[in-house]
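Participant: Build me a model:
(chains A, B, C and D)
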4 protein chains.
Amino acid sequence: MKIAVNTGGGDAPGLNAVLRALTLGAESRGLEAWGIRHGYRGLLEPEEEGLVRLDRAAVRGIAHLGGTILGSTNRGDPFAWPVLRGGALTPVDRGTEVAERLAAQGFEALVVLGGDGSLRIAQKLLGRGVPRVIGVPKTIDNDLPGTDRCFGFSTAVSTAVEALDRLHTTAQAHDRVMVAEVMGRDAGFIALHAGVAGGADVILIPELPFDLERVAEKILARERAGRRFSIVVAAEGASARGGSSSVLAPADAFREHVRLGGVGALVAQQLERLTGKEARSLVLGHLLRGGSPVAEDRVLAQRLGAAAARFLAGTTASGLVAVRGGEVVFAPLECVLAPPRRVSLEDDLITTARDLGICFGDEERPAP
Amino acid sequence: MKIAVNTGGGDAPGLNAVLRALTLGAESRGLEAWGIRHGYRGLLEPEEEGLVRLDRAAVRGIAHLGGTILGSTNRGDPFAWPVLRGGALTPVDRGTEVAERLAAQGFEALVVLGGDGSLRIAQKLLGRGVPRVIGVPKTIDNDLPGTDRCFGFSTAVSTAVEALDRLHTTAQAHDRVMVAEVMGRDAGFIALHAGVAGGADVILIPELPFDLERVAEKILARERAGRRFSIVVAAEGASARGGSSSVLAPADAFREHVRLGGVGALVAQQLERLTGKEARSLVLGHLLRGGSPVAEDRVLAQRLGAAAARFLAGTTASGLVAVRGGEVVFAPLECVLAPPRRVSLEDDLITTARDLGICFGDEERPAP
Amino acid sequence: MKIAVNTGGGDAPGLNAVLRALTLGAESRGLEAWGIRHGYRGLLEPEEEGLVRLDRAAVRGIAHLGGTILGSTNRGDPFAWPVLRGGALTPVDRGTEVAERLAAQGFEALVVLGGDGSLRIAQKLLGRGVPRVIGVPKTIDNDLPGTDRCFGFSTAVSTAVEALDRLHTTAQAHDRVMVAEVMGRDAGFIALHAGVAGGADVILIPELPFDLERVAEKILARERAGRRFSIVVAAEGASARGGSSSVLAPADAFREHVRLGGVGALVAQQLERLTGKEARSLVLGHLLRGGSPVAEDRVLAQRLGAAAARFLAGTTASGLVAVRGGEVVFAPLECVLAPPRRVSLEDDLITTARDLGICFGDEERPAP
Amino acid sequence: MKIAVNTGGGDAPGLNAVLRALTLGAESRGLEAWGIRHGYRGLLEPEEEGLVRLDRAAVRGIAHLGGTILGSTNRGDPFAWPVLRGGALTPVDRGTEVAERLAAQGFEALVVLGGDGSLRIAQKLLGRGVPRVIGVPKTIDNDLPGTDRCFGFSTAVSTAVEALDRLHTTAQAHDRVMVAEVMGRDAGFIALHAGVAGGADVILIPELPFDLERVAEKILARERAGRRFSIVVAAEGASARGGSSSVLAPADAFREHVRLGGVGALVAQQLERLTGKEARSLVLGHLLRGGSPVAEDRVLAQRLGAAAARFLAGTTASGLVAVRGGEVVFAPLECVLAPPRRVSLEDDLITTARDLGICFGDEERPAP
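Facilitator: Just a heads-up that it's a prediction; the model follows:
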């Protein structure tokens, strides 16, 4: 059985480890794996090495490497493929063409390592004639519905924590407030885990709209206790509570984000005003996607890749290779249509954070 | 309520993070926490600063530090306390004395961060008058019964993987077999996780008695395929299958271990003989216990410490702060009396490893 | 002999290692070292623990820690000390008072670990009655006159390179231009070393005013060769060549810096316009100051600290503990009055960079 | 001009960085570089891909990778080439054959990245007809004569320091003596730099024969001061002072090394006897050779590689690309015939170490 594999959307540490395990698992079961380079481009556009045979040699020694051997992934929607018509780029639906080309090459299944966008596209392709689709969930935000854990998340948290460790020593030397902005458009997993692991004083997540006056009180309370610096970790999708007079209402905040360069910059600016202390912000986003996967992610990614090969050989269904309660399972592909996972407000990590004195900006009265 | 805390047995990255979270959680609930330094020595022997108040200041900034602020932990059994009598050290049962001294100081509960040995001692102390005991499981081997995950394990695996990454580049340059020996007297969790994450070719764990002839065949098969080096990860408690003529029977192997310095050295020596290739061994054990906890362990350790404080304040029971299915629960303390957890032979990580072509030495015929 | 020590200006990895070596070296020579906390505040303002005895116990285990045990350093000019007068903060010259208070406490010498600002202040204090001053040069920019190398520089470069490694994998996956802004107001040492070590495609330093059209050509040339991403490292003080029409003239650029948040953001914005490729920027500055010193800096910092103690005991002069040609020497304190060191245009590292195909934006025609 | 390049002897972090810089520098000067795989094997034995064209594509993205893209390097002496004759491996002089084959392929120069063994071989080849030889010194021990600094050294020291940091936390928790054995057969550079950077209590180097009774006194003095653990760093070539009764005389010690597995194990065993404390040893050697080069080494390696290309194009001489006083120079190849560099007893790093209270075992009376 010939199978095609592609990696879509943003990158995440661990992609190559998935590819390696998938390839070796496929080989051991008599499957022939091919990678489509550059998302769907390697299939839809005439391209040198658009399709690359994934065999033992192709995946040798790649498990610890960041990035993806299948190349750039950012142009990916075959259902809205930018085509030059009359001097302008027009989105064209080439979905059926994808199915046809795959069939012409003899591919019986498509494995997609992707985020919710890529997996939805993959799911749609089933309806256009691709006989079988296996999804392997990829998002460093860890918010993909249908699975408890995505690979790349542990690495992103580790990278964020390394940065926070560095910010700590420098904030302490300068009596400053340092605001680190991390990924997390819809969910605050990275901010929460990194904030707790990295000793933040304030964590701002999308699930808990914040009031910067509460945050300012926390910072000033620390000051009175002789702790003249504070570290704030903010998820990019965090926003202010509506109606509080000291910060912009959410809609205005969003526009302010765009103008200033992120919620981190906005929060830093406001906190300077509210506390009188120097505040600096730093966007960690681009750093979090890159680099070598940590051990935890290398293990998870390889479990997922090997499981994908097992499901390909052992069943005839489409599905999502997911993690549930620590086990790797084969879930219905429709799971990906659900809304993003979000941090549960009952998550014991939030309780732990509050016990540690971490402020979320949602308190009624100042955190002690 | 006054509570006493101690850390027993070997150290593990994350101890200080547990102490910090426990302390802050205790403070926020009106509990007064004190640490006993050096295991039980700070209680049983007259000692300067034998008891140290654990308050906000005492635990400031320690969450990312390896080691333990409560000092050396290696002499710990109050039920067999070495006392100098007649010129020789005699073990004396001072268990009741521990209970009495704790009571004299007004301590209503004892929190023990320890491995199975320390937790069994803690459980015994209940029978001697200590009113209440909370255990927080600590072992980098991750084999403590009663809990799915122990803090320190992720860090140990990460450290092992860093070492394996380095061994890879050097083995490749020298056509060698490198044997890395890791912790794991009863269970092969570290060897299995590190071996998969670190790209090992062979993993030897206690749960799967090995035949070195199978391992030699794997190494020679790689050689024929042009891969002239091999990496073997061996858990310290791994042993040879009985009856195979090319290696010593288990009992003899054990004695050989002692003489040569570990299963790693033994395996290297045997593989040199069996394959004709140079083989070197390296004991990673001492490196795995030390250093800063990785992000994953900082999160887990703080969840456990905060949960311990919650259970102390919210219940009156003794128990073990454990992880079950990703949740932190309060389990009966008797859990610790069960045998060590071992890697299940159905663990999908073993299946994944075999799919990746990793040899466990337990195969019937040579691994491809 | 009693000596006072303080750390002034920004922090740099290695400060604690200097303090440790200075303290142990002083102890072994019968000198009594005291640290002034928070720059000069510990001396000029009534403060708990303003002066802390630096003995063996005080400096135990600190050599590998980032930050400084002598606390925040950012308010430091005794010659323009902010004093509240009539409701406003007025700068007051308290230089002589510093000398008097030092004398009153019996201090015969002052050791200052600082950058050019702090060392100039220290040099001025000689004229106000401080009998003796020893300077230990500190700047992660490595641009302090009078010494070839400053501690903290190696760590800053390492941190920058770690970030560049991460940016590489993510830029590659997204066909982007990533612009990393690093420290270096007057000199491009960090940008140059990190750029070469981190595989940058473009390095922009203050010593070589750039023309972004040259940079754009380099990026597009890479694109034509199939290398669709590019990494640019820019020192914060780098600026555009005057007169080139495609970018703002230097003065306007400076104002644009302030408005947009740095040369990195400005360069990214311009490159997007010039190349049509997505470009993102990231300010690494705050990360570079923090964290644990790398091995190289731990060695250098301890050599400098021990040398300071040797010079204190073995001579009666004031001076700067400097590195010249790999050796640690005692140079005249006036060295610090010279202009900042700058990367020499004949530096073989620039030649090496050009040989590697790295573009500085100062070329006459596009780099190949 | 066609040039051949090979990497000989053990590996060292930075080899690939040298190859990359050499290749790009060569390309920009119209030179055609080819790599000989596996030492001289790719030239002397019929082998697939024995010679590999070193062009831009071949060296893309390798600068940060450990190992060498030119493969295994451990069989390298063309003057004593193992040839199977009459059933046994006999060393045969094939030196002239190397020259002839190089000439037959049109190579006008040979660039050797190697240690003293490989560079001596290269120098001998000049006498057999190889028209020109450029040597780039490679040894992580940093003891190559003719150059102040070799690439790979900084990385080896960094790796050793990471290990020492981990050993510190675990030694402290267990009241132990930890003995870490590092590379350094003739010179103690790694032990000295890592020992100072890593906070060792004792450093044993070949240049200073030690008396373990002095070391034991240091350890017991620390114990009396409440510091119950000690870290010893020993270079593999360190040896005991003759005539001291508590340890074996040097010759016996050497034999004991072999039997027990290294000077580290021997020292640990003796110290246990002399101090009554638990002592453990760990050989770091294999870890030090591997892994990614640190920033410092990536810079140095690329400077050396680029300089090699410059010298190839700009002169007609043979020579050694060396570092003198921080500058890269072209030194006479005969430099490599000198004895290994050794740590000078006047090196200010030894003085610094003594000031820090570090014991070398060569003291007359116990270190304080």
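Participant: what residues are up against the residue nearest to A:E223 when sequence neighbours are not counted?
Facilitator: Leaving aside its sequence neighbours, A:E223 sits nearest to A:K277 (C-beta to C-beta, 6 or more residues apart in numbering or on different chains; 7.4 Å). (C-beta placed from N, C-alpha, C; glycine too.) A:K277 makes contact with A:D175, A:R176, A:V177, A:I219, A:E223, A:R228, A:S230, A:L271, according to C-beta atoms under 8 Å, 6 or more residues apart in numbering or on different chains.
Participant: Show me which residues of stretch A:61-79 are buried.
Facilitator: Using 16 or more other C-beta atoms under 10 Å in any protein chain shown as the burial criterion, the residues of stretch A:61-79 that qualify are A:62-73, A:75-79.
Participant: Tell me the secondary structure of the one residue sitting closest to the centre of chain A, please.
Facilitator: Taking C-alpha atoms, centre = their mean, the centroid of chain A lies closest to A:I140, which sits 2.7 Å from it. In three-state terms, and counting by DSSP: H, G, I helix; E, B strand; the rest coil, A:I140 is coil.
Participant: close enough to count as contact, A:G237 and A:I190?
Facilitator: No - contact criterion C-beta atoms under 8 Å: A:G237 and A:I190 do not qualify, at 10.7 Å.
Participant: tell me which element A:G42 falls in.
Facilitator: Assigned by DSSP states H and E, A:G42 belongs to helix A:41-44.
Participant: Would you mind pulling up the elements that that helix packs against?
Facilitator: strand A:2-7, strand A:32-36, strand A:51-54, helix A:95-104 (3 or more C-beta pairs under 8 Å, 6 or more residues apart in numbering or on different chains; DSSP states H and E).
Participant: Looks like A:H38 contacts A:T68 (just checking).
Facilitator: No - taking contacts as C-beta under 8 Å, A:H38 lies outside contact range of A:T68: 9.9 Å.
Participant: Strands along the stretch 101-250 of chain A, start to end?
Facilitator: In the stretch 101-250 of chain A, the segments counted as strands under DSSP state E, counting those that start in this stretch are A:107-114, A:133-137, A:177-182, A:202-204, A:230-235.
Participant: and the shortest one, what does it pack onto?
Facilitator: Right, the one you point to is strand A:202-204. helix A:189-197, helix A:212-224, strand A:230-235.
Participant: ok, now with 10 Å
Facilitator: Other elements packing on strand A:202-204 under the criterion 3 or more C-beta pairs under 10 Å, 6 or more residues apart in numbering or on different chains; DSSP states H and E are strand A:177-182, helix A:189-197, helix A:212-224, strand A:230-235, helix A:263-275, helix A:348-355.
Participant: does the residue nearest to A:H64 when sequence neighbours are not counted sit in a helix, a strand or a coil?
Facilitator: Spatial nearest neighbour of A:H64, excluding adjacent residues (C-beta to C-beta, 6+ apart): A:S292 at 5.6 Å. Following three-state DSSP, we place A:S292 in the coil state.
Participant: how far away is A:S292 from B:R324?
Facilitator: 31 Å (C-beta to C-beta, to the nearest Å).
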